[in-house]
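A.B. asks: My questions are about this predicted structure, shown below with the sequence.
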Amino acid sequence: MSYVKPAELVPTLVDAGASKVLLSTRDTLVRSTMGGAILAIAAAFAVTVTVTTGHAILGAILFPVGFIMLYLLGYDLLTGMFVLGPLAWLDKRPGVTLRALLRNWGLVFVGNFLGAFAVAVMMAIVVTYGFDTPPNEVGQAIGHIGEGRTVGYAEHGASGMLTLFVRGMLCNWMVSMGVVGAMIAKDVPGKAIAMWMPIMLFFFMSFEHSIVNMFLFPSGLLLGGQFTVMDYLVWNEIPTVLGNLVGGLLLTGLPLYLTHGRPHARRSAAAPTDAVPETRELVGDRV
């Protein structure tokens, strides 16, 4: 399996961020809608596996199939754009302004929500026979997830909000590593393995992912979960989005850019030619 070294990887991440920020409105909405929908059906699959087998680890092992497929098809998630877009902006790519970056985030958010919500409605129909019967055990489980991860946080006040924000950070640290993993290998098996590992970790540890939650919480409301739309927004989606932004950028994007990106490459290229052999070898490798 091929491996792309970090010094070669970072320019690829920057290029990807620039191309996605500068996409047309139509393409951005189509790609993000499909990204949200595929991730949502993977979440529904993982919950179904967990409920029917009684083993949460099996659901976590299988959930990454959706993430892998959507990135192989070139679709987009807001959590990924929280890393790729800012890298292109930091690198001062032409046309990647703060306004363009915020526009992209807004469009991807809308598209992800549309896709996830569409799957939420379809799954609600499936688990209730078109709303003709009470939710089956999978539907009931989804409803309880929504309750525990909204009013469950609210019961702890500020401590609950802090916990929610940190779980959002940790989530996109792992998810953004999956995004990077999609570019760290050049063949499909390598990409799939690199994406699968951190995605399994975040899902099993129940970290907060804003797009997965765009499916789980509307589903919960449709299936009788005991929480409100305002509970969902205030005690999950908004803090989760902010945590995802900080975690992905601070823990994945910036460290890679600062140590392997263009500024570092320029400093390395300027190193004295009489450096010790080990230093010259390192500089040559990075440049």
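C.D. replies: Right, received. Where do you want to start?
A.B. asks: any idea whether the most centrally placed residue in the chain is helix, strand or coil?
C.D. replies: In the chain, the residue lying closest to the centroid (C-alpha atoms, centre = their mean) is Thr79, at 3.6 Å. When classified by DSSP: H, G, I helix; E, B strand; the rest coil, Thr79 comes out as helix.
A.B. asks: Can you name the residues that contact it?
C.D. replies: 171-172, 175-176, 179, 209-211, 244, 248 (C-beta atoms under 8 Å, 6 or more residues apart in numbering). C-beta here means a position set from N, CA and C on the backbone, and glycine is covered the same way.
A.B. asks: Just put those residues in a markdown table and tack on secondary structure and neighbour count.
C.D. replies: Shown next, in a markdown table, are the contacts of Thr79 (DSSP: H, G, I helix; E, B strand; the rest coil; neighbours: other C-beta atoms under 10 Å):
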| residue | secondary structure | neighbour count |
| --- | --- | --- |
| Cys171 | helix | 27 |
| Asn172 | helix | 35 |
| Val175 | helix | 31 |
| Ser176 | helix | 25 |
| Val179 | helix | 28 |
| His209 | coil | 28 |
| Ser210 | helix | 28 |
| Ile211 | helix | 26 |
| Asn244 | helix | 31 |
| Gly248 | helix | 30 |
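A.B. asks: Of the residues you listed, just say which sits nearest to Val30.
C.D. replies: Distances from these to Val30 were compared by C-beta to C-beta; the smallest belongs to Ile211, at 15.8 Å.
A.B. asks: how much space between the closest one and Gly95?
C.D. replies: Noted for Ile211: a distance of 26 Å to Gly95, by C-beta to C-beta, to the nearest Å.
A.B. asks: from memory Leu256 sits against Ala7, does it?
C.D. replies: No: contact criterion C-beta atoms under 8 Å: Leu256 and Ala7 do not qualify, at 10.0 Å.
A.B. asks: for stretch 186-196, the distance to its chain's centre please.
C.D. replies: 16 Å (C-alpha atoms, centre = their mean, to the nearest Å).
A.B. asks: For the helix or strand harbouring Val180, buried residues please.
C.D. replies: Assigned by DSSP states H and E, Val180 belongs to helix 157-181. If you call a residue buried by 16 or more other C-beta atoms under 10 Å, then helix 157-181 has these buried ones: 160, 164-181.
A.B. asks: where's Ser176 relative to Ile41, distance?
C.D. replies: Distance from Ser176 to Ile41, counting by C-beta to C-beta: 22 Å.
A.B. asks: likewise Ser24?
C.D. replies: Distance from Ser24 to Ile41, by C-beta to C-beta: 26 Å.
A.B. asks: what's the answer for Asp15, then?
C.D. replies: Relative to Ile41, Asp15 is positioned 30 Å away (C-beta to C-beta).
A.B. asks: Looking only at neighbour counts, state which of these two leads.
C.D. replies: Ile41 (20 against 16; other C-beta atoms under 10 Å).
A.B. asks: And the more buried one, what's its pLDDT?
C.D. replies: With respect to pLDDT, Ile41 has a value of 98.
A.B. asks: tell me which element it is part of?
C.D. replies: helix 25-53.
A.B. asks: Quick one: name whatever helix or strand follows that helix.
C.D. replies: Going down the chain from helix 25-53, the next helix or strand is helix 56-62, by DSSP H and E.
A.B. asks: And the contacts of that following helix?
C.D. replies: Helix 56-62 has contacts (C-beta under 8 Å, 6+ apart) with 45-50, 53, 200-201, 203-204.
A.B. asks: Over stretch 183-198, what's the mean pLDDT, rounded is fine.
C.D. replies: Mean pLDDT, computed over stretch 183-198, is 95.
A.B. asks: do stretch 121-137 as well
C.D. replies: 96.
A.B. asks: can you give me how far that stretch is from the chain middle?
C.D. replies: 28 Å.
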